[in-house]
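K.L.:
Give me coordinates for this.
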Amino acid sequence: MRLNVKAPPAVQADTRQRLLEAAGRVFAEKGYRSTTVREIIRRAGANLAAVNYHFRGKDGLYAAVLEHTYAKALEKHPPEGGVDPRAPAGERLRGFIRSFLERIFDEDVEACYGRLMARELVEPTAALDGVVERIRPLFGRLCAIVKEIVESEASLGQIERSAKSIVGQILFYKHAAPVIQRLEGRRAGPPDIDALARHIADFSVHGLKGPSARARRSR
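P.N.:
Numbers count the residues shown, from 1 in each chain. The predicted model follows:
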């Protein structure tokens with residue numbers, strides 16, 4: 001007779017963590033579609049039964065990895081970017097942008113959120129809906145800062161489009177890295193974050209508050 005002995009909770013938690021870490025590395029390297037569960041369990045020193053037990057298969061594991069790495073990235077790089085919430089809106093915008101850049105450029109094992117998101121945006125999966133719901137509050141925070149910078153009569157559509165333009169500037173330095181490397185001889189990275197955050201924030205504030213912006217809103 002074969003006994004069904006369940007592993008102690010501490011062992012289960014350790015296995016789950018090893019699977020998350022190994023899967024994060026493999027998904028970031030190869031993308032969801034090219035990743036095999038066999039490769040993940042080999043790196044994690046686990047077995048297929050553990051994947052099914054903790055995550056109910058590859059889809060569940062991938063969704064858990066996105067959630068796990070997002071939580072770790074946000075914990076390590078909070079959205080306020082170290083700026084006092086009572087600071088002027090322009091300073092808070094710079095802090096928001098800096099923390100965003102820090103998250104997408106962080107290559108730490110548990111903070112490979114930037115690489116995972118870059119792949120998810122190029123090759124979206126069923127997990128994208130969950131990703132959007134997690135980032136929705138951050139987008140709302142950015143819109144609130146933008147609204148404070150522009151005049152109060154700006155419409156919701158104008159505010160959201162302005163916020164998306166700011167996000168676009170941030171993501172450019174991640175997704176256009178090969179082009180930047182060929183133009184400038186090097187890729188943008190962690191050493192450039194402060195300068196990039198200041199440039200994007202100052203450029204955006206000038207655009208939001210400049211005469212041409214006010215003229216467009218008056219039409």
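
K.L.:
going forward, measure contacts between C-alpha atoms and count neighbours the same way
P.N.:
Fine.

K.L.:
Domain map for this structure?
P.N.:
Split into domains by automatic domain parsing, the chain comes to 9-61, 69-218.

K.L.:
now those domains as JSON lines including mean pLDDT and mean neighbour count?
P.N.:
Formatted as JSON lines, the domains of the chain follow (pLDDT from 0 to 100; neighbours: other C-alpha atoms under 10 Å):
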{"stretch": "domain 9-61", "mean pLDDT": "90", "mean neighbour count": "17"}
{"stretch": "domain 69-218", "mean pLDDT": "90", "mean neighbour count": "17"}
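
K.L.:
ok, residue 159 to residue 207 distance?
P.N.:
Applying C-alpha to C-alpha, to the nearest Å, the value for residue 159 to residue 207 is 12 Å.

K.L.:
An error on my part: the question was meant for residue 156.
P.N.:
Residue 156 sits 17 Å away from residue 207, taking C-alpha to C-alpha as the criterion.

K.L.:
and if you look at residue 63?
P.N.:
Computed as C-alpha to C-alpha, the residue 63 to residue 207 distance reads 37 Å.

K.L.:
again, but for residue 143
P.N.:
Per C-alpha to C-alpha, residue 143 is found 15 Å from residue 207.

K.L.:
what do you get for residue 69?
P.N.:
Taking C-alpha to C-alpha, one finds residue 69 at 33 Å from residue 207.

K.L.:
got it, and residue 106?
P.N.:
According to C-alpha to C-alpha, residue 106 and residue 207 sit 29 Å apart.

K.L.:
Residue 85 now?
P.N.:
Taking C-alpha to C-alpha as the measure, residue 85 and residue 207 are separated by 23 Å.

K.L.:
what do you get for residue 31?
P.N.:
Using C-alpha to C-alpha, residue 31 is found at 36 Å from residue 207.

K.L.:
what do you get for residue 68?
P.N.:
For residue 68 relative to residue 207 (C-alpha to C-alpha), the value is 36 Å.

K.L.:
Who are the packing partners of the helix or strand hosting residue 64?
P.N.:
Using DSSP states H and E, residue 64 sits within helix 58-76. Applying 3 or more C-alpha pairs under 8 Å, 6 or more residues apart in numbering; DSSP states H and E, we find helix 58-76 packed against helix 9-30, helix 48-55, helix 113-122, helix 128-149.
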